[in-house]
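no sequence on hand, only this structure:
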Ligand SMILES: [Zn+2]
Ligand SMILES: [Zn+2]
Ligand SMILES: [Zn+2]
């Protein structure tokens, strides 16, 4: 596989006279890809039905003429102002019932049929006109960004009722599934069912959960309209650029309709804005980003990129479509990255299997919402640090022969529906599925381990020695079978604790083959009330009272079972802190002959094919395993 | 008086085949009471006007057949979905004007006449059908829970205008009473008056205060419709289950229409969610609950339960209708209670005079909103800890002969209207009437004292040696007279500082007979700026500048009078911290010959008739007065 | 110039029988001015078109008869309730689209033509009737208070579209200016443009910024309607009472239509509620107020008061119209001022050039919203501390001959549009223009320096040796020329970083004559990540990467230029902390022969004419320069 670089470019933002020079400079530093078009609807179709393709023809001509490959985006994330006159009710409403209006982007409801038809129309036009010329496609832009997966509009209400009718067939079946008898919440007709916002106290969690499932399905449906059209007119692969830390819709589901998964990686913005971490951690890594956040997404999107082809997760096709180049504009604080990070981030992506890394954006725009977002060029067209970083990576890539990927010994299951489940019913403040799973992932990475992330639909885990499946609300039967067949599996806490209808199952969880234990009850713990484990470390936030005859491997100091097992099947009865998790993972790895040893603070590694890559996220020099890495240093064996 | 136990049961949630076994198990462990029906409207009347009583007949038959007594709830807290089609405007609106919709519970506005008529109809049906068979009634469920006392609907607006017209008779009188000349806020017609939400800056506090009074009256009126009907068809006593820490309506007013006051006691949830306490305190008592919060409500509801009969407050009839059995689902964190607490809580209620304690609920529901709320049984029908606790208490009750209540030497006045007054006009962030009064109550309890809580309508205090009346906005004349006749009374801070019209009185407060002192001005203090008292401790948050010739008993270090007196009448010029309060109370008790001595941390006692009960809320063993109590320990002399 | 005292009085709040005694007492303690009328519309015009002037005639008669001078306010901040029936759409809407209703004050949208016409009518009536009798006028009351500058009403929407059409002439020009191509935000018609609220993510900052400019213009337009009318009927000077810390509209713009600027000074409320300061600072000065906040506003309003006359800023006419007399009612906490502060505050205002200081209010109102706000008299008409303080100041004024003002050597530019710019685009949480400029002002004051504050329209700085112009988004050409001509100027950070269209300029900022440096990029820093300067202190929150050949005077420890210069023109590349700022200012002052030395904590001085005044804001005695000042002490040389 050839590794390549690229950038995001907006010819419509710049005088046409500048395009050729821009293209020449891109090519000169070794870029391959240029993504264009995804926000340009008002220029493609300035008034309804009257197209202006001439400028886009010339822009694509110019880029191709300089040897660049074009990724063309459908412009459906930014409907022009006139669209609102045609479809006044196309806007999403927020949970308070307020319209989310025109004036920025993503101002549409995924359930609005009229808008979907407009998107189909512009996509058809684009696919027909450019299907043979572009090298790849992108649908829309960052589905779900700015909390746009969920809408409380009339269109959503009607579509939700229809979705429920399809799923349950009768109101009586829905009432039974949701337990609506509980507070006289029973419905006599699907038309009586409202969206679960603005209730007096919390809505039925089964109601809320179905609304989240529905909302996710609407995104996949919206995306599929476009991919179906594009494929009729183009053989170029289709991608979507997912936004990091967005879990409101199931990326595996959209992934099934796309050849390539891409994601937009803004390490400093994410650390500042979207990661649950201590103040010290945020300060120590403010100019580098969290040392595991990018890797987690790389491994996740590698799996998402394998959904359509049916390849192994370790071989999924994926890119970074937008790579942070310097300070961004949207986080609470926007520091300058440490010199070298724009190179490190690219190499880390390649080490995790990326096909391409595109820096966002070519030139900093001096106007509009993102004027304070760095580019590869400054607004005055002088090079910014990422310009030089990209040139350096391009040269390094040229010198390094491609490697094939191998499958690591460890896998971690990631289940979007569980993110919705625990957002619906955290039971303790801060119980957040992403952070729970990310905590286990960090635990593995701190031990120097490489990981495959897998969807819950996986049925064959035979490639792995150890599989983790924490906090999955409902374990599919096939996954239970596969986990039971693993040499070693770590399940829990909270795994398999809900039926598909979002009830507590009977028999009680975890209900795993051969493992005689039930979760008699659970408790959530304030931050200052962790429960110590007898062997060190603590459970925090969440723990369970297990009963049964399963072998007890670890206990809490107050004598509750903490880790139980039956053969290779392990169940963990709480959320372990760093110390407890390191011990537990080390023991499980040792039992499977997997090498695991704590890395120095901020150092991370990735085994990729025959090479081991090392990345120093620390702000200080680190020496380990024969390498001395400066801050932002990259090394490989 | 016979002390009994019970539980809350929802036959409509379970297969009919399970009812008999459930009833048998309840009886077997010694339960007496089963509350049913309060959320079952959609099963009693599945479609408008078409009743289904058969299942309820059989459920009641089954319970009675097993020797259990039934408390039947009117189902008016959960109108079925079809009710909304009949009365689309019956929903409450929140302060932002958003509808509080269907999908959970308490989705109605107390002022909606159409809904009140529907409630009268179903109550009539229930009272006629079951009036002779049930042993007690409950109206609705937890009035005011989920902030539902106040509504900003059209129904509320119209009712409020009418209420104002009745009260003031002319707009001119209202303008004078409210001081509407202040900012040209004068009205020419009652129809011009809006609810006090969505004003540019704060509304006139007199306006806000009248709206709170009105909102409280609407609850009492709503409740009285049901009690009037039930009494026509049944001689069984009528109760309502108040929710702890809800002070938005006057419980004494609804109490006047009820034979029994009950309350729903969730010690861990309340500590986590609703008590102003230090982080250390919350951590130390996370598994036990605040050591005074339950007792305060016990004493309060004993008084509420005396309103209708006119008995002395010490002899009011009251129950716990819902007793926390294990972890709940609704607090920010939901830890498991310390083993033994489910027993301690019950015994503490009995020590304070409860007739019955009912655990909520019989079996944990595996579905809907409260699926993570523990029960006496697990969802798989196995016993949970509260099942065993109840059985243990039942046996202990059988062994302990009844005792008569005695009146303690100390009383504390609790005035709901003052809670509204200071919520309307805190003057300093965090000045909260409940917490102010609760602070004085804790001060008494830390000294081992038992207390009667009394309504502000009390006119005879001759049974008490010491009466506290802090922060009562307007002292009724009769209460002032009674306080002045007490051997000792502690009044202030902020007591009697408002006229009934919510103005500053002239003469200035406190205006007490014989006590020559006026509050020249007041100040509110940030948490880091307490004012030391000369004898130790501080005033925090609130203090007053007193002028006049009254005898100064204590001073602040900057020379302001802190405590003044005329005979037994004491006025306190600020909010004392724990140290200052302990000294002041100790001195007042000593003067009246009341024994008072600081108890060990977490230990509490209650004198009840001839017995003294001891309760150890601490997480460690405590030895005191010849008793050694383990954590959660209970002892009696 | 004669210095005078006054008070704010509401005859409509009190029985007419009390007026004469009130007036006599005012005169007796030496007050000159009485402001009346500004909230009395419902008494002037109880029903539409039916006036009642008799009471106001008599009130004015009474005051004048006692030798007092009347400032008459137009009552337009409090339209009566009947106004809403005539103009139901006159209310402002908040950013969520909720009506800001009747029931307090300032319930109008500045863009509503119907309400403006009503204001013109009542102003005409007042001006005609009282134009010859009153000594001064006040328009409305505290424009912008309670966040009322900005409204999202239909009236505002229509007016904004018209304002944009006037400014840009064509939608295409607007699209170019705003960069609307960015996210397909282009408009085909001005009627398509909405207000910038309720967008999915942030609106185009150019859109938001134009809306803020428009909103400010609407205030000036509203005010001008009244001043034009008053001048036709009266020669008395016209004022408006600005509220401290309100920067939502351009006070210099309204100032151009007013003879006198006044402001409402509530030092304790402001410190508690509106100043970004450490908890320690807030505690240490809780009873005194911030030692610089009042002085800053004094200097600011001196400049605002010079706008119409064209006088030098140092000679502008200004008053304090409302001086805090004791505890107020509206801050989170409302402590009692230290004894002496009511005198200190008045003397400090006079030292900064105030013509008059009026205490708010004569008598504490026992009713309505401000009943907990102290007055000069208690509600029972007994003197409160401010009564005595005013009497003392009156006597001291009588003993002190007037002094002429001199121009200090230092000026600081204050630009309201920059406050809107950085509120629109902070880029780092907490980057707030007022606090940035106030930080520089405090730095000067801690060195004992007196300062003129100047508008950005200033073109002649020849009177000053040192001029500071930090964080001005767009420096006008004439100001750049004037700064370049100064002996010394300190510009930056962030100065001149935006075009008038709110884009990044090309060439990059700061683009100052002769200074070869560009801001290559910027970063914002979390509070725990300041950047040390090589010579001590730090940059916090904001810093810039400067490139170019300009002389580097200071560097950060990581080697970025921190302060560069070309001749007297200095550019600062970050926000200095106290230590760094003191050093930089000391160096600049030394170079210009300006004496500067750090003052003791809490002590401040002001050079006024031939006198130096000293003010002790500390809660402890301070000795300095031959003066020993007690807490709240005032001294002069
Ligand atoms: Zn709203
Ligand atoms: Zn309940
Ligand atoms: Zn004011």
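That came through fine. Bear in mind the structure is a predicted one, so any value in this text is a computation, not a measurement. Ligands and ions are numbered 1, 2, ... in the order given.

any idea how far residue B:368 is from the residue of the stretch 351-500 of chain A found nearest chain B?
Minimum separation of the stretch 351-500 of chain A from chain B (Cβ to the nearest Cβ) falls at residue A:429, amounting to 4.4 Å. Bear in mind the C-beta positions are built from the backbone N, C-alpha and C, glycine included. Using Cβ to Cβ, to the nearest Å, residue A:429 is found at 21 Å from residue B:368.

on that earlier part again, just give the number of residues close to the residue of the stretch 351-500 of chain A closest to chain B.
Neighbour count for residue A:429, taken as other Cβ atoms under 10 Å in any protein chain shown: 15.

ok, the one 5 residues further on next?
Burial of residue A:434, expressed as a neighbour count using other Cβ under 10 Å, amounts to 20.

residue A:93 now?
When neighbours are counted by other Cβ under 10 Å, residue A:93 comes out with 21.

same question, the one 10 residues further on
Number of residues near residue A:103 (other Cβ under 10 Å) recorded here: 25.

verify the contact between it and residue C:208 for me.
No. Residue A:103 is beyond contact range of residue C:208, at 9.2 Å (criterion: Cβ atoms under 8 Å).

list residues touching both of these two?
Common neighbours of residue A:103 and residue C:208, counting by Cβ atoms under 8 Å, 6 or more residues apart in numbering or on different chains, are residue C:196.

quick one: low-confidence ranges for the stretch 301-450 of chain A?
A:401, A:403 (pLDDT under 70).

what about the helices in it?
A:341-351, A:385-399, A:416-424, A:433-446 (DSSP state H, counting those that start in this stretch).

can you read off the backbone torsions of residue A:467?
Main-chain dihedrals, residue A:467, degrees, to the nearest 10: phi -130, psi 130.

thought it was touching residue A:480?
No. When contacts are counted by Cβ under 8 Å, residue A:467 is not listed as touching residue A:480 (11.6 Å).

these two: which is more packed in?
The neighbour comparison of residue A:467 against residue A:480 (other Cβ under 10 Å) goes to residue A:467, with 26 against 20.

quick one: neighbours of the residue in the stretch 251-400 of chain A positioned nearest to chain B, just the number.
Closest to chain B within the stretch 251-400 of chain A is residue A:276: 15.6 Å, counting by Cβ to the nearest Cβ. The number of residues packed around residue A:276, counting by other Cβ under 10 Å, is 11.

which one is it nearest to, not counting chain neighbours?
The shortest distance from residue A:276 to any non-neighbouring residue, by Cβ to Cβ, 6 or more residues apart in numbering or on different chains, is to residue A:435 (4.8 Å).

now do residue A:298
residue A:352 (3.5 Å).

per-domain residue ranges of chain A.
A:4-148+A:234-399, A:410-591, A:603-636 (automatic domain parsing).

for the shortest one, list every residue counted as buried.
For domain A:603-636, burial by neighbour count (16 or more other Cβ atoms under 10 Å in any protein chain shown) applies to A:603-608, A:612-618, A:622, A:624, A:627, A:629, A:631-636.

now, which of those residues lie within helices?
When these are checked against helices (DSSP state H), there are no matches.

doesn't residue A:552 belong to a strand?
Yes. Inclusion of residue A:552 in a strand is indicated when DSSP: H, G, I helix; E, B strand; the rest coil is applied.

what's the local residue count around the residue nearest to it when sequence neighbours are not counted?
Spatial nearest neighbour of residue A:552, chain neighbours left out: residue A:561 (4.6 Å); criterion: Cβ to Cβ, 6+ apart. Residues lying near residue A:561 (other Cβ under 10 Å) number 21.

I figured residue A:537 was touching residue A:585, is that so?
No. Using Cβ under 8 Å, residue A:537 makes no contact with residue A:585, being 11.6 Å away.

neighbour-wise, which of those two wins?
residue A:585 (23 against 20).

report the contact partners of the closest residue to chain C within chain A.
Relative to chain C, the nearest point of chain A is residue A:367 (2.7 Å; Cβ to the nearest Cβ). Contacts for residue A:367 (Cβ under 8 Å, 6+ apart) come out as C:178-179, C:182, C:206, C:501-504.

the nearest residue to residue A:387 once chain neighbours are set aside: neighbour count?
Of all residues not flanking residue A:387 in the chain, residue A:376 sits nearest, at 4.4 Å (Cβ to Cβ, 6+ apart). Using other Cβ under 10 Å, the number of residues around residue A:376 comes to 30.

list the contacts of residue A:376.
A:7, A:325, A:359, A:361-363, A:383-384, A:386-387, A:390.

could you check how far it is from residue A:319?
With Cβ to Cβ as the criterion, residue A:376 and residue A:319 are 17 Å apart.

how about the residues of the stretch 201-350 of chain A by chain C?
For the stretch 201-350 of chain A, the residues in contact with chain C (Cβ under 8 Å from any Cβ of the partner chain) are A:272, A:279, A:282-283, A:286, A:326-327, A:329, A:332-336.

give me the pLDDT value at the residue in the stretch 51-200 of chain A that ligand 1 sits nearest to.
Residue of the stretch 51-200 of chain A nearest ligand 1, by Cβ to the ion: residue A:96 (4.7 Å). pLDDT, residue A:96: 97.

also residue A:273?
88.

so how many other residues sit close to the closest residue to it other than its chain neighbours?
Distance criterion Cβ to Cβ, 6+ apart; nearest residue to residue A:273, sequence neighbours excluded, is residue A:331 at 4.5 Å. Using other Cβ under 10 Å, residue A:331 has 21 neighbouring residues.

check contacts around residue A:331.
A:266, A:268-270, A:272-273.

mind redoing it with 10 Å?
A:266, A:268-274, C:427-429, C:524, C:526 (Cβ atoms under 10 Å, 6 or more residues apart in numbering or on different chains).

drop anything exposed from those residues.
A:266, A:268-272, A:274, C:427-428, C:524, C:526.

what's the closest of those to ligand 1?
Using Cβ to the ion, the buried ones among the contacts of residue A:331 come closest to ligand 1 at residue A:274, 26.3 Å.

I figured the closest one was touching residue A:293, is that so?
Yes. Using Cβ atoms under 10 Å, residue A:274 is in contact with residue A:293, at 8.6 Å.

ends of stretch A:320-340, what's the gap?
18 Å (Cα to Cα, to the nearest Å).

what about the residue in the stretch 351-500 of chain A that ligand 1 sits nearest to, distance to residue A:494?
At 22.6 Å from ligand 1, residue A:423 is the closest residue in the stretch 351-500 of chain A, using Cβ to the ion. For residue A:423, the distance to residue A:494 (Cβ to Cβ) stands at 13 Å.

repeat for residue A:507
Taken as Cβ to Cβ, the span from residue A:507 to residue A:494 is 16 Å.

neighbour-wise, which of those two wins?
Between residue A:507 and residue A:494, residue A:494 has the larger neighbour count (other Cβ under 10 Å), namely 28 against 9.

got the contact list for that one?
A:418, A:421-422, A:427, A:431, A:433, A:436, A:470-473, A:509-510, A:519, A:522, A:542, A:544, A:572-575.

quick one on the thing from earlier: give me the common contacts of residue A:467 and residue A:480.
In contact with both residue A:467 and residue A:480: A:489, A:491, using Cβ under 10 Å, 6+ apart.

ok so, going back, what's the separation between the residue nearest to residue A:552 and residue A:139?
48 Å.

pretty sure residue A:168 is in contact with residue A:160, am I right?
No. Counting by Cβ under 10 Å, residue A:168 stays clear of residue A:160, with 12.0 Å between them.

what touches both of the two?
Counting by Cβ under 10 Å, 6+ apart, the residues touching both residue A:168 and residue A:160 are A:190, A:210.
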